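Q: build me a structure from this.
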Amino acid sequence: MDMVETLAYAGEVPWHKKGRPLSGRVTASDMLVQAELDWLVEAHNVRVEPSGWLIDGYKALVRNPHGNTLAVVSDDYGIVQNRTLADLAEAMGGDGPVWEVGGSLDEGRRVFFCGVLDEGTIAGDRVRNYLTLASSHDGSLAVTAAFSPVRVVCANTLSAFLGSTEGRNRITIRHTKSATDKVKLAAALCRDARAYFGAFHEQALGLVGATLSLVEASEMAAMLVPAYKSEDTGKLVVPALQAAIVGLFKGLAMVPHDRHIAGTRWGFYQAVTAAIDHNRKGSETGKLRRFLSGSDDTLRSRAWRMLAGK
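A: Purely as a prediction, here's the structure:
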């Protein structure tokens, strides 16, 4: 059984031929409307008829405005509205029109959004990687988000998606009382990450296009890892890390795949990163201590601010 109640889709027609065809992929907010998911789930008291006695510890989940009862659950169950799921989908998929399928199954007991985040060809065959977010309103499925090659269009393909991602990295948020807050936090983290990496990418492109001479690189390395006077000999000591950064920056022009960033500010940042991550001597314990203390990241951050002019 496909159990499809409402569905909207772009592209290939689902095998069951149900649903509303779209002219193209849409945002999660648009899919919420097009797939008829813009309804609410309300918690109602559970009573025994005909006496009307209240059953403590339980509540009925009722769909508004449809009026059908989705499930009877304990008071510990947390409702995650479709709008909240769409907000998470928007944050994970970005603001662009990536969502290809959205729908409701089994009279609203399960809902999902399915979007394309990556596609290409392998040996002439088109390959797509889908991001699917799904949730339930009857306690049968936690809020779940994962990547999969499965295009979800019905209950069977939703089961295939869940099976294909079992045991792999995926977001799973159980329907506890704090579920809504956790979903909102996940959405906020996704938005912050997109903003950060978007800004980082833009600044990195600027560094790629900015030249840096060997003299300037040497001066920057000296500011990042300054020389110091030896307490034993009184002589000026140039730290090995400073020399390693300059040596790696100079060596970029000698490696074929690094020549395109040789002599640039981005090349210098890569030299700093390589010197810290791969060429710094010391025990594993020492490396772990520097990682936990943040000293390496502080050096990296200083280099970035220096190069980006911040």
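
Q: where in the stretch 51-200 of the chain is pLDDT low?
A: Residues of the stretch 51-200 of the chain that meet the criterion pLDDT under 70 lie in 95, 119-127, 168, 194, 197.

Q: would you map the strands across it?
A: 53-64, 69-74, 99-105, 110-122, 125-136, 143-148, 171-173 (DSSP state E, counting those that start in this stretch).

Q: the fifth one to strand 69-74, inter-axis angle?
A: This points to strand 125-136. In terms of direction (axes from the mean of the first three to the mean of the last three CA atoms, to 10 degrees), strand 125-136 departs from strand 69-74 by 60 degrees.

Q: now what about strand 125-136, what contacts it?
A: With contact meaning CB atoms under 8 Å, 6 or more residues apart in numbering, strand 125-136 is reached by 80, 82, 85, 88-89, 92-93, 98, 100, 109-121, 141-152, 158, 161-162, 175. For every residue, glycine as well, the C-beta is placed using N, CA and C.

Q: quick one: strands adjacent to that strand?
A: Strand 125-136 has the following strand partners under DSSP bridges: strand 110-122 (antiparallel), strand 143-148 (antiparallel).

Q: quick one, helices of the stretch 151-300 of the chain?
A: Counting by DSSP state H, counting those that start in this stretch, one finds helices in the stretch 151-300 of the chain at the ranges 155-165, 179-208, 214-224, 240-251, 265-277, 284-293, 295-308.

Q: run the angle between the last one and helix 240-251 for me.
A: In this case it means helix 295-308. Orientation check (the same axes, to 10 degrees): helix 295-308 against helix 240-251 gives 50 degrees.

Q: do the longest one as well
A: Comparing the axes of helix 179-208 and helix 240-251 via the same axes, to 10 degrees yields an angle of 60 degrees.

Q: what's helix 179-208 packed up against?
A: In terms of contacts (3 or more CB pairs under 8 Å, 6 or more residues apart in numbering; DSSP states H and E), helix 179-208 is packed against helix 82-93, strand 171-173, helix 265-277, helix 295-308.

Q: just the third one next, same as before
A: Judged by 3+ CB pairs under 8 Å, 6+ apart, helix 214-224 is in contact with helix 240-251, helix 265-277, helix 295-308.

Q: give me the residues contacting that helix.
A: Taking CB under 8 Å, 6+ apart as the rule, helix 214-224 contacts 212, 242-243, 245-246, 249-250, 268, 271-272, 299, 302-303, 306-307.

Q: one more pass at 7 Å, please.
A: Residues outside helix 214-224 that contact it (CB atoms under 7 Å, 6 or more residues apart in numbering) are Gln242, Ile245, Val246, Phe249, Lys250, Phe268, Leu299, Arg302, Ala303, Met306.

Q: just the last one next, same as before
A: With CB under 7 Å, 6+ apart as the test, helix 295-308 has contacts from Gln203, Leu207, Met220, Leu224, Arg265, Phe268, Tyr269, Val272, Thr273, Ile276, Arg290.

Q: redo those residues as a markdown table? Include neighbour count.
A: Formatted as a markdown table, the contacts of helix 295-308 follow (neighbours: other CB atoms under 10 Å):
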| residue | neighbour count |
| --- | --- |
| Gln203 | 16 |
| Leu207 | 19 |
| Met220 | 23 |
| Leu224 | 19 |
| Arg265 | 25 |
| Phe268 | 27 |
| Tyr269 | 22 |
| Val272 | 28 |
| Thr273 | 17 |
| Ile276 | 20 |
| Arg290 | 17 |
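
Q: and of these, the nearest to Val4?
A: Taking CB to CB as the measure, Val4 lies nearest Gln203 of these, at 45.9 Å.

Q: measure the closest residue to the closest one other than its chain neighbours to Ser213 for me?
A: Nearest non-adjacent residue to Gln203, counting by CB to CB, 6 or more residues apart in numbering: Ala308, 5.4 Å away. Separation of Ala308 from Ser213 (CB to CB, to the nearest Å): 18 Å.

Q: looking at those two, which is more packed in?
A: Neighbours were counted for Ala308 and for Ser213 using other CB atoms under 10 Å; Ala308 has more, 15 against 9.

Q: circling back to that earlier point, report pLDDT for the residue nearest to Gln203.
A: Looking at Ala308, its pLDDT reads 82.
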